Structures are given as C-alpha cells and as structure tokens.
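**Q** Got a predicted model here, sequence first, then my questions.
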Amino acid sequence: MTRSPRGRSPWQREVDDVLHGVAGAFLFGVPLLYTMEVWWKGNFTSPLRMLVALGATYVALVVIDAASGFRRQRATTTVRLLSDAAEGLALGLMAASVSLLVLRLIGLGVGLEPLLGRIVHEAVPFSIGVGIANGLLRAREEGGDDPTSGAEPSARTKAKRPAWRGTFADAGATVLGATIIALAIAPTDEVPMIAAMLTGPWLLGLIFASLAVSYVIVFEASFSAPAGQGAYQGVLRSPLGETAGAYLVSLLTGALMLWLFQLIRPGDPLVQVIAYVIVLGLPATIGGAAGRLAV
Amino acid sequence: MMSDQQTAKQQQDEQSPRTAAEWLSLGVALLVLAGVIGTVVVLWLSPQQAPPRFTIERGEVRRDGEAFHLPVTVRNTGNLTASEVTIEGTLSHEGREETASTTFDFIPGRSSVAGVLVFSTDPAAVNILVRSFQKP
C-alpha cells in the first residue's frame, strides 16, 4: 500500500494530493456547474436544508473514501477516513466557490443566504468528485499492481510512436473527452446565459481558469505516471505547450458543437461567438484533459 | 491468533503519521468547514422570513436615437426570494401616458438586479413601481 515517496518532499506530495482532489472535483462537478437549476435552487434553500446537504455529503464522502478517496495513501484508520472526508468536503466547497465566482454566479449583490445556498448546492457534486478522484484519475499510475489497469502497455506503445502520431493520438483523445463532457452542455441555455454575464476581463479569467484546471488534471494529478507523460512523444512536448494546444483543440471542438446546435451561426457578432466558445471551453477542456488521461 | 495481531499491526503501520503539510491541509479544511457550517447555523438560528420588499434605484438616462434608456437597479431588501418580478415605469407627457415595463426572473433576498426601461420621451419625472412578483 505504502507508495515510495519518489524523492518528493512531504509538502510536494501534499500539494499533489490536494491538486488530485481538485482535478476530481472539476471532472465530476463541471456538468452540474453548467446546470442553472442547481444554482437557482440555491436561492431559496433553507439553512436547515443546507446543513442536511452538507451532512449527507460528508457521510457519502466517508463511505467513498473507504473505497477511493483522493490521497495517494489510502485511509486505513477511522480517524484518517473522517479527516480525509472533511478535507474532501472543504475542497469541494472551495472549488465550487471559485467556479461560481469565475462564472459570476456569486459575487457582490447576492445576499448571504442565496450565496451560501448556491455554494452548498454546487459543492455536493464537487465534493463527491474529490472523493472519487482516485477512481477517476489514478488507475494508470497503479498499472503495476492493479490488475484492472491496462495503462502500462498503452503507455509503452505511446513511447514507441513517432512524434506526429503521439500528437495526433493526444488530439484525438482531447476531442473525444471534450465531446463526452461538453456535448451535453452545448445545446443548453446556460451557455448564452453565462456568456451574457461575462465581459472582457471575466472571459480572460475564464480562459486562465480553464487552462489551469486542464493542466492540473493531466500533469499534476498524474505526475508519477511511470511511462506516461515522461515518454510523451508529441510535438507539443512541454506540459504548458500541450495544455495550450489541447485547449485550442477543445475550443474548436466546442465551437463545432455550438454550430451544430445553432447557438453560433455565420454572421453572428464575433464578440458573442468568442464568449460562447470560451464559456463552453471550460467543460470541453476539462473533458479533453480527462480524455488524454484515459488514452 | 498471532498472525491476526501481526496483520492488524501491519495495517496500522501502513498509515504513516500525519506530516506537517497534511496537518496544514486539515487545519485549513476544518477552518473552511467551521466558517461555512457556522454561518449556515447562524442563519438557521436567526430565521429571517421578512417577505420580499423592493427599492428601485435609477441610473443616468442615456439617449439612443429617438429612445431614452433609463437603467434601474431593483433591490430586494426582504429575506425571501421573489420570482417573476415585474416593474413598470409610468410617464406623463403632454397629457399622454407612456409606460415601460420589464420582468426579472428572480431576485433573491438581500440581492439586487439591474435592467433598463426604454421611453420615447425624457423619463426625468418617471414613476417606477413593482407591479407583481411570485413566490418561488
């Protein structure tokens, strides 16, 4: 069970664990972030209901942590199980708050009770995402001792491929993942609704947030993948380069979906098209990052 | 029996002691949870069921060709959320009455929303009222 520290300090390992949880939170939580009913219902959620939601999520996290969790070292004692679940809930609350803030769904002008209601509602899927982070993301790292993982051979095959094929495969995986997550969001009213609230600086903030989450999911969360990223043969070799490249691919995939569902049409104002594409870009790039992890 | 004890001991050994970094995470997590849960409990124990009440603030009129745009900010000073809040501005000009209205999907308690009323004459003397709202 105990993993070798791989020469990393306890602080680095802790940062990796936490970012791992954040990656899981966004993977699982982002579809519900783009569901207006979730934050809408938060407007008239009574404090008692919020407490029950938090309590139920905590209990669910304790149960989930026994099987998955977000830490490299699985919790085996009751105290660890309880403290990991508390950390998962707190991480979910923080990830949900930041997401709502970036999309301007909370901020000044929102009263305390609706503000907490929205955060608590969104924190439920985000926290569950933290709890199942290992199940979502660590499979390939456990290739050595996990019989269900087929990741090792895939990583080795990847290493043998010429550069253009590696890049092509990564782009394909990005399109696949982006489609799985963003296709369900593309035709919904949330895209124009959120886009309408975001002006220039907010859109820039959303681009930055999309890149950061995508980076965290692929590179920080799978830092120790033995033959994975280290053997990456694509053209965009640097982590930042690949994140930026994958973001562009995700944006294009999202734009295609928006066109398919007639949310953007030729002749639409460019500013509006860009805003829609960037708004859908967050779920698309998160899906794309997950897609690259899975391949 | 002996082997059982050994297994139990091994399992305990597997969980290495908490590092300073892990203590920090736990501390921050507990602070966040205490903050959120504490605030929710305070809200719960001081139930504020004041019904929706509105104040309307006017912005600066902007001329747009033949039309006059009047920005308005509606604030719900009550504690309960109101939905489908319709406001109407009435303007009397040379014996004629002109109205403009808009509906906000919802205004949560202690929150505000912004909109624009459009008139064909200068709305300096406009009278704006909330005409209706629903309880969600």
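**A** Great, that's in hand.

**Q** Phi and psi next, for the residue nearest to residue B:54 when sequence neighbours are not counted.
**A** Closest residue to residue B:54 apart from its sequence neighbours, by Cβ to Cβ, 6 or more residues apart in numbering or on different chains: residue B:130 at 4.7 Å. (Each C-beta comes from the backbone N, C-alpha and C, glycine too.) Dihedral pair for residue B:130: phi -80, psi 120, per degrees, to the nearest 10.

**Q** For chain B, which residues are neighbours of chain A?
**A** Counting by Cβ under 8 Å from any Cβ of the partner chain, the residues of chain B lying close to chain A are B:11-12, B:14-16, B:19-22, B:24-26, B:28-30, B:32-33, B:36-37, B:39-41, B:43-44, B:48, B:76, B:79-81, B:106, B:108-113, B:136.

**Q** Among those, which lie within strands?
**A** Applying DSSP state E to those, the entries found in strands are B:76, B:106, B:111-113.

**Q** So which of the residues you listed wins on neighbours?
**A** For these, the largest number of neighbours (other Cβ atoms under 10 Å in any protein chain shown) sits with residue B:76, at 28 neighbours.

**Q** I'd assumed residue B:54 was in contact with it.
**A** Yes. Counting by Cβ atoms under 8 Å, residue B:76 touches residue B:54, with 5.9 Å between them.

**Q** where does chain A have low pLDDT?
**A** Counting by pLDDT under 70, chain A contains low-confidence ranges at A:1-7, A:138-162, A:220-237, A:295.

**Q** Get me the contact residues on it for chain B.
**A** Residues of chain A lying near chain B (Cβ under 8 Å from any Cβ): A:1-2, A:10-11, A:13-15, A:17-18, A:40, A:43-44, A:46-48, A:50-51, A:54, A:73, A:75-77, A:80, A:83, A:86-87, A:89-91, A:93-94, A:109-114, A:116, A:119-120.

**Q** Buried members of the residues you listed into ChimeraX, please.
**A** In ChimeraX, this line selects whichever of the residues of chain A next to chain B come out buried by 16 or more other Cβ atoms under 10 Å in any protein chain shown:
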select /A:13,14,15,17,18,40,43,44,47,50,51,54,73,75,80,83,86,87,89,90,91,93,94,109,110,111,112,113,114,116,119,120
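
**Q** for the residue of chain B found nearest chain A, what are its contacts?
**A** Residue nearest to chain A within chain B (Cβ to the nearest Cβ): residue B:110, separated by 2.9 Å. Counting by Cβ atoms under 8 Å, 6 or more residues apart in numbering or on different chains, residue B:110 touches A:111-114, B:76-79.

**Q** Kindly indicate which of those lies nearest residue A:251.
**A** residue A:114 (32.0 Å; Cβ to Cβ).

**Q** Does anything pack onto the helix or strand encompassing the closest one? Which helices or strands?
**A** Using DSSP states H and E, residue A:114 maps to helix A:112-131. Contacts defined by 3 or more Cβ pairs under 8 Å, 6 or more residues apart in numbering or on different chains; DSSP states H and E place helix A:112-131 against helix A:10-33, helix A:36-41, helix A:47-67, helix A:78-102, helix B:20-45.
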